[in-house]
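J.: The following comprises the amino acid sequence and a computationally predicted model.
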Amino acid sequence: RSTIAEHLDRMGPVIGFASAANGGDLLFLEAVLERSAEAHVVLSYDADAYQKDMVDHPSASGWGARYRATLSKATRLVVTSREKMNTGEVSLAYASMVLQGLAPGMQYRGEA
């Protein structure tokens with residue numbers, strides 16, 4: 001969390017684009033929102049199902065409330081599919097491409 005905050009402070013004004021999985025994604029989005037900057041969230045499928053799969057893990061208590069708070073404060077929420085495709089890897093890869101396409105100055109490098 002502190003490393004993300006320090007990096008954002010060095011960068012100056014930012015616009016954040018990220019998914020909202022527990023861990024780094026949510027920490028980044030929270031730091032962006034703490035700076036009253038735009039936070040754009042791209043989810044690969046339905047927000048409730050995404051929370052179940054990518055946020056609510058037994059070893060990750062407290063992330064669900066943070067996830068919901070972040071979504072409610074986000075500048076924009078993009079959901080790339082209503083349902084998870086296949087095992088979810090296709091959904092995640094597609095959402096990653098959409099996210100990188102929306103983010104100014106980013107280029108897609110073929111990474112999921």
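T.: It's in.
J.: Distance from the chain centre to the helix of greatest length in the chain, please.
T.: When the chain is parsed with DSSP state H, its longest helix is helix 89-102. Distance of helix 89-102 from the chain centroid (Cα atoms, centre = their mean, to the nearest Å) equals 11 Å.
J.: Please name every helix or strand in contact with it.
T.: Applying 3 or more Cβ pairs under 8 Å, 6 or more residues apart in numbering; DSSP states H and E, one finds that helix 89-102 contacts strand 15-18, strand 38-43, strand 76-79. In short, each C-beta sits where N, CA and C put it, glycine included.
J.: Distance of the residue sitting nearest the centre point of the chain relative to Val79?
T.: When Cα atoms, centre = their mean is applied to the chain, the residue found nearest the centroid is Ser19 (1.9 Å). From Ser19 across to Val79, the span is 11 Å (Cβ to Cβ, to the nearest Å).
J.: angle of the helix or strand containing Glu30 against strand 38-43?
T.: Using DSSP states H and E, Glu30 sits within helix 24-34. Using axes from the mean of the first three to the mean of the last three Cα atoms, to 10 degrees, the direction of helix 24-34 lies 150 degrees away from that of strand 38-43.
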